[in-house]
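Student: Quick one, what's the 3D model for this:
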Amino acid sequence: METPEALLARLELKVIRPLDGLLFGDYRGVFYGKSLELAEISPYNPGDEAERIDWPATARTGELHVRRFREERELTLWLLLDGSPSMRFGSRRREKYALALELALSVAYIALRHGNRAGAILPSGLLPPKGGKAQALLLAREALKGGKAPSLGEALGLLERVARRRSLVFVFSDFLDAFSAPLSRLAARHDLVGVLVEDPWERALSRAGVLSFVDPETGAQVEVNTLDPRVREAYRLRAEALRAARMREILKAGADLLVASTEMDLLPLLLGFVERRRRWPSKAPRASS
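Tutor: Okay, here's the model as predicted:
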């Protein structure tokens, strides 16, 4: 197994430095969104964003008012790594959890290199936000420990309680557990990115004969003849419907959406996400893969 030090060194060489060089340090409002603090409530001016309308003040005064913010120098980044059994599946280069961890460490490492703080909700527990390169190493060590992970709903609830100030929040999960209500509450307070982690076998079956599948959440087993084209087509249609429903639910909650699959390379995946954030500076929900 790769050590935390070796994992960070590999990510720094293959992902962090190239991404740093391509973006020329232009991170705030692009990769990390904006860390905003309420400055005042004032009358609406033409061109103000509709999402900033303060409805209580508008009701009291009888005219449109908007919330105006000042940008804080230091960003707080929160990462949630779903450690449920289904995240331990992987048919290609790595498990879903391994991909989620590499993405989370890349995001955290870049944030920390630029003077920000990062904290995390991990299978092993809560890691409070701190700055410095040592925090990235601690994050790697704690995430590799494993442990009895809470459900996604429980982890989101914990994050909701501890992330008091407005932050950038990344949730790395396959979103197979109930998540809509806590995700919506988090998106209302934070700049939230839902990273849907998946594996190609979850979308389509290969022709591999009779296979025995085990549900990692319940332990239930079933044998499937993958040579039967009717079975493969039924599986594909059902998988597509479930995947589309999860994506709609994440976007409906008000989160940004990044789709990551276990066969993808990290650098083009993250670079594509950053470039899309650059083109769409507003917090309107959107998706990329």
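Student: neighbours of Leu75, just the number please.
Tutor: 24 (other Cβ atoms under 10 Å). (C-beta placed from N, C-alpha, C; glycine too.)
Student: what ranges do the strands span in the stretch 51-200 of the chain?
Tutor: Assigned by DSSP state E, counting those that start in this stretch, the strands in the stretch 51-200 of the chain fall at 65-71, 76-81, 117-122, 125-130, 168-173, 191-198.
Student: Let me know the next secondary structure element after the last one.
Tutor: I take that to be strand 191-198. For strand 191-198, the succeeding helix or strand toward the C-terminus, using DSSP states H and E, is strand 210-214.
Student: Just the buried positions in the following helix or strand past that following strand, please.
Tutor: Downstream of strand 210-214, the next assigned helix or strand under DSSP H and E is strand 221-225. The neighbour-count check on strand 221-225 (16 or more other Cβ atoms under 10 Å) flags Val224 as buried.
Student: my read: Gly125 touches Gly147, true?
Tutor: Yes - the pair Gly125 and Gly147 qualifies as a contact (Cβ atoms under 8 Å) at a distance of 7.1 Å.
Student: which ones are touching Ser261?
Tutor: Listed by Cβ atoms under 8 Å, 6 or more residues apart in numbering, the contact partners of Ser261 are 99, 197-200, 289.
Student: Mind listing the residues bridging to it?
Tutor: Counting by DSSP bridges, Ser261 is bridged to Glu198.
Student: same check, this time on Leu126
Tutor: Ile121.
Student: That one touches Leu158, doesn't it?
Tutor: Yes - in this structure, Leu126 is within contact of Leu158 by Cβ under 8 Å, at 6.8 Å.
Student: so where do the helices sit in this structure?
Tutor: Remark: helices assigned in the chain by DSSP state H are 4-11, 17-23, 55-61, 96-113, 133-145, 152-162, 180-189, 229-252, 266-279.
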